Structure formats: structure tokens, C-alpha cells
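Visitor: Build the 3D model from these lines:
(one chain, ligands or ions: 1)
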Amino acid sequence: MSDPIDVIIVGGGIAGLATAYELHQRGVRFRLLERASRPGGVILTEQIQDFTFDAGPDALLIQKPAAITLCRELGLGDRLFPTSEPRAAFILREKTLHPLPESSVLGIPRNVSALAATRLFSIAGKARMAAELFIRPRTDGAGDESIASFIGRRFGAEAVTYLAEPLLAGIHAGDVNRLSMRALFPRFLEAERKHGSVLRAFRQIRQPKSSSGAFMSLPGGLEEIVDALVRALPADSISLNTGVVAVDRDSEYCVALDSGERLSTRSLVVCTPAFAAATLVDRLDPDLASLCAQVPYASSATVTFGYRREDVAHPLRGSGFVIPRVEKTTIMAGSWISSKWRSRAPEGRVLLRAFVGGARDPEVMSRMDGELVSAAQHELGRLLGIRGEPIFSKLHRWDRANAQHDVGHLDIIAAIDRRLAALPGLFVTGSGFRGVGIPDCVADARATGAQVAQWLSATRTN
Ligand SMILES: Cc1cc2nc3c(=O)[nH]c(=O)nc-3n(C[C@H](O)[C@H](O)[C@H](O)COP(=O)(O)OP(=O)(O)OC[C@H]3O[C@@H](n4cnc5c(N)ncnc54)[C@H](O)[C@@H]3O)c2cc1C
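Guide: Just a heads-up that it's a prediction; the model follows:
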């Protein structure tokens, strides 16, 4: 066994790297162990011919600033750029792509005229949505509820089918009947609680005149953040191809690697998916392990295509579309990447990306790669009037990569935190725990890094 290291970080996705960055900023020495041959986890940018695209996440939400702030600290501030205009997103209903109502917050129209103008909903559906203004807030003090329960209660069934399911659940590759409102959209609950109506609350939000939209990216894709983080950390602090198989505890934590080597550390930060964390902490605390194992994960795949512009009839004026489950397609969404982000495709070419799987359609993931690519190509072709073959196509599978913060998730996290309190020096962070998108992962990782530094200085004996 080696001399104890101050901190071992397990997992080199954005959560592990941001934890490492925070520790480094605070002068704490650490070692980061990553099982894969590259850092970044699900952040992966590909370059094919002159096309550049993110195979996993591609957008940083501006409203949650932690990731943007990190980019600025890393010297990437001048490289950040917003989604191109027009920023329209579309929803498929009965073979037609309808733009999301103008001036909406996560698809919920902010005023009645925007609601009246859209053809996405039936007249009865619109009337029910507008009636949200008069629906009494829930005051029974009952606990968490699903997205479907909340949106159905306030806006009616059509809003669940054509907005909440494809959009609010879709961005998490999740099931609208299971995802937690409290964990994922507390802003809506707050609006209901404070204003008695979501519409009334959203009407009061002032939209800035010159908005740069909701999302940012970087010219070289989101892997630029990974590269910049790695550059900012000490050269010998990251060990790739180094999986952790088990952890024991003596006076220190003893970390067993897949090579057979054992490392000793005073503090351990587990930044793996929650199911992997469950395996790692099992010998330390089986109850903690079973709580981690309760966080479900969905699998999905992205299929990216390059086309000649003249082969795609659709104007592609917007960022893409989502498809409600009731439309019974294989793909659940499509991004018009070269319209959404500038300079991603060479002149005269377009980049398109389709999403399949997720919690709403787990069976599709058992299909062969070729079948998934053909299904995506066929459905994009039908929706966008594509003739001819793509210049390239590339499938990426994301097995158990989408953490599902289902109803009750915050209770699981509270129970995990109680177990951790009895294991001094052990911390967990990452998308399975306190926040799911990159900004939340960065914010929680940095807060965790700060806690680790404090814990080390409070317990240092020499
Ligand atoms: C297809 C897709 C699209 C997405 N789109 C967006 C988006 O546009 N915007 C956004 O904000 N979010 C998006 N997300 C969500 C976001 O990307 C993730 O929540 C976030 O990147 C997860 O980071 P992480 O570090 O927690 O986990 P991961 O990236 O999964 O990293 C965990 C790391 O732990 C390593 N590991 C696991 N077990 C071990 C072990 N035993 N020993 C050592 N290492 C181990 C893994 O190899 C991996 O590198 C998307 C996710 C997916 C899958």
C-alpha cells in the first residue's frame, strides 16, 4: 500500500474534473482515477471530414450559470457563443412540425395570445391550458409528484401529451409519469406556491429585449471544456485506464484498482454514475450502496448524419424538434445541428442528429446498430423531405448514461447524505445525485470540492 494521498477522485466525467479543478484552486493535492482511456465521460466531440459535432451533450443552459462561469475561469469566455437565430423548436403532431408557442417558458406559453396563435393544441386543449389561471394551487402538503401529475393537474391532458412528455421529460430521456417535479422543475412548483398559478407567475418574467437565447456552446464542441480542465490540472494528477473495483476502510480509505494495485487516501470523492458508486461503497456501508443503486438510469443513442443541403427540402429554420410518444416513431427528437450552432458543417452541407431510446422506449436499444441508423435515417427523411444518401452517419450508444431523477429522488439523496455523515471523508457527486445537467453537475462538484478541502483542513493533525 502506498503512502496516503489526500484525496482520490473516482471518475473523470465533468463532475470528477470539476471537483479536481476546485481542489486544485484550493491548493489540495489529489489523484483522479478514470476507467476509460479518455476523460470527459459522456462529453464527447467528434470530427468527421469537416463536420464537428457533440455525440453526447451539446448545450450549456445559460440560466444555470455554473458551467458558463467555469468556462470563463478556464479562459474559454471569448469562445462561448449562443444558438443561432431563429431559435424556434418544433413539436410533431399528426405529421406536422408545429413551432413551440412564442414567448414560452419550457414550452408553457407566457400569455394567452401566444397560446391562441399556436396550432399545436386543439381548441379544447387551449381552453384547458388557459384555465390554469383559475386552478387552485395544491395545498394538501402532499410530497413529490411526477411531471405528468403536475402538468396534468394544472394544464390538462393535452399539455402532458404534447408538451410535458416530449419536452420536459424528453430532455432527460425520461418517463413523464415517473420523473420528479421537485427534483427537476422546482421553479414550476415555486410558481404555483407563490403566485397560485404558473401562468400568472410566468407572465411576470421580463424577457430581455436582446436575448442571446437559452444555450451556449463552444466552436470545438463541449469537449473544449474537458481539454481546458485537463490543461488546468497538474500533469500527473489524472490516471486514465484506471478503474476502481472496491473500497475498504481502515484508518484511511483503501482503494483497490483493476490492476491489482491498492491506494490509500484520507478522503474519497466518488464521481461515477450512482449504480457504479453502489458497487464501490458496498463494503463500506451496504445501506449506502443500496440507496445509490435505487437511482435508475436510462439508455439512449444519438445518430448523427451529414447531408448535402440540396438533398434536404425542409428549411431547417430553428434548432430542431421533439416527438410525443403518441406519434409512435422510433426517434424521439431531432436536432438541426448546423442551424442550431454556427460553423458545424462545411458550406453547402447540413448536420442532423436524431435521438432514440430513453426511459420511454427501452426496448429499441436492443436493436442492432444498423437497424437504429436506418430507422433514424428513414424517419428524418420522411419528416424533413430528404432525398439521397447521407455523406456520413455515426451512431453513439449511451448505455445507462441518463440518470433518472424520479419521484422520491430527493428523499433518496437526503438518505444518502445521512449515511455519508457517518463516513467522514467520503463524498459523492455527479449526475445521479444532486443535479443532472452539466451546469448542475459543475455546481455540485465545485461545492463538493470545497467541502472536501474544508474537511481536510479541519481534520489535519500535522
Ligand atoms: C446523450 C446525452 C445528451 C445530453 N445532453 C445534455 C446537454 O445538452 N446539456 C447538459 O447540460 N447536459 C446534457 N446531458 C447530461 C450531462 O451530459 C450529464 O449529466 C453529465 O455530463 C454527467 O457527468 P458525470 O461526470 O456525472 O458522469 P459521466 O460523464 O457519466 O462520468 C462518469 C465517469 O466515471 C467513470 N467511471 C465509472 N465507473 C468507474 C470506476 N469504477 N472507476 C473509475 N472510473 C469510473 C466513467 O468512465 C465516466 O468517465 C446529456 C447526457 C447524455 C447522455
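Visitor: The ligand contacts on the chain?
Guide: Contact residues (Cβ under 6 Å from any ligand atom) of the chain with the ligand: 10-16, 33-36, 41-43, 56-59, 61, 243-244, 271-273, 276, 300, 302, 398, 401-402, 430-431, 436-439, 441. No exception for glycine: its C-beta is placed from N, CA and C like everyone else's.
Visitor: Enumerate every residue touching S267.
Guide: S267 makes contact with 6-8, 253, 425-427, 452, 455-456, according to Cβ atoms under 8 Å, 6 or more residues apart in numbering.
Visitor: So which of the residues of the chain next to the ligand are in strands?
Guide: 10, 33, 61, 244, 300, 302, 398, 401-402 (DSSP state E).
Visitor: Any idea which helix or strand in this structure has the lowest mean pLDDT?
Guide: One helix or strand of the chain scores below all others by mean pLDDT, DSSP states H and E: strand 104-105, with a mean of 78.
Visitor: so how far is it from its chain's centroid?
Guide: Offset of strand 104-105 from its chain centre (Cα atoms, centre = their mean, to the nearest Å): 19 Å.
Visitor: ok, then the element right after that strand?
Guide: Per DSSP states H and E, the first helix or strand lying C-terminal to strand 104-105 is strand 108-109.
Visitor: tell me which residues of the helix or strand that that next one is followed by are tucked away?
Guide: Once the chain leaves strand 108-109, the next helix or strand it forms, by DSSP H and E, is helix 112-117. By 16 or more other Cβ atoms under 10 Å, the buried positions in helix 112-117 come out as L115.
Visitor: re earlier: got the ones in strands among the residues of the chain next to the ligand as JSON lines, with neighbour count columns?
Guide: JSON lines is the format used below for these (neighbours: other Cβ atoms under 10 Å):
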{"residue": "V10", "neighbour count": "25"}
{"residue": "L33", "neighbour count": "23"}
{"residue": "L61", "neighbour count": "17"}
{"residue": "V244", "neighbour count": "22"}
{"residue": "S300", "neighbour count": "25"}
{"residue": "T302", "neighbour count": "24"}
{"residue": "W398", "neighbour count": "21"}
{"residue": "A401", "neighbour count": "20"}
{"residue": "N402", "neighbour count": "22"}
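Visitor: Show me which of the residues you listed is closest to R353.
Guide: T302 (5.6 Å; Cβ to Cβ).
Visitor: Which pLDDT value belongs to that closest one?
Guide: Looking at T302, its pLDDT reads 98.
Visitor: contacting residues for the nearest residue to it once chain neighbours are set aside?
Guide: Distances taken as Cβ to Cβ, 6 or more residues apart in numbering put H396 closest to T302, at 5.1 Å, once the chain neighbours are dropped. H396 is in contact with 44, 55-56, 301-304, counting by Cβ under 8 Å, 6+ apart.
Visitor: Please name the strands paired to the host helix or strand of H396 in the sheet, noting orientation.
Guide: Using DSSP H and E, H396 sits within strand 392-403. Using DSSP bridges, strand 392-403 pairs in its sheet with strand 297-308 (antiparallel).
Visitor: Let me know the next secondary structure element after the strand it pairs with.
Guide: Per DSSP H and E, the helix or strand that comes after strand 297-308 is strand 320-322.
Visitor: which is the next helix or strand following the strand holding H396?
Guide: By DSSP H and E, the next helix or strand past strand 392-403 is helix 409-420.
Visitor: tell me what that next one is packed against?
Guide: On a contact count with 3 or more Cβ pairs under 8 Å, 6 or more residues apart in numbering; DSSP states H and E, helix 409-420 meets helix 181-184, helix 286-293, strand 426-428.
Visitor: Mind doing that once more with 10 Å?
Guide: If contacts are counted by 3 or more Cβ pairs under 10 Å, 6 or more residues apart in numbering; DSSP states H and E, helix 409-420 sits against helix 181-184, helix 274-281, helix 286-293, strand 426-428.
Visitor: and the second one, what's its mean pLDDT?
Guide: Which is helix 274-281. Averaged across helix 274-281, the pLDDT comes to 98.
Visitor: quick one: low-confidence ranges for the stretch 51-200 of the chain?
Guide: 141 (pLDDT under 70).
Visitor: And the helices in it?
Guide: According to DSSP state H, counting those that start in this stretch, the stretch 51-200 of the chain carries its helices in the segments 66-73, 112-117, 123-130, 147-155, 157-159, 181-184, 186-195, 198-203.
Visitor: Would you mind giving those helices as JSON lines with distance to E371 added?
Guide: As requested, these are exported to JSON lines (distance: least, Cβ to Cβ, whole Å):
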{"stretch": "helix 66-73", "distance to E371": "35"}
{"stretch": "helix 112-117", "distance to E371": "40"}
{"stretch": "helix 123-130", "distance to E371": "35"}
{"stretch": "helix 147-155", "distance to E371": "30"}
{"stretch": "helix 157-159", "distance to E371": "33"}
{"stretch": "helix 181-184", "distance to E371": "31"}
{"stretch": "helix 186-195", "distance to E371": "38"}
{"stretch": "helix 198-203", "distance to E371": "41"}
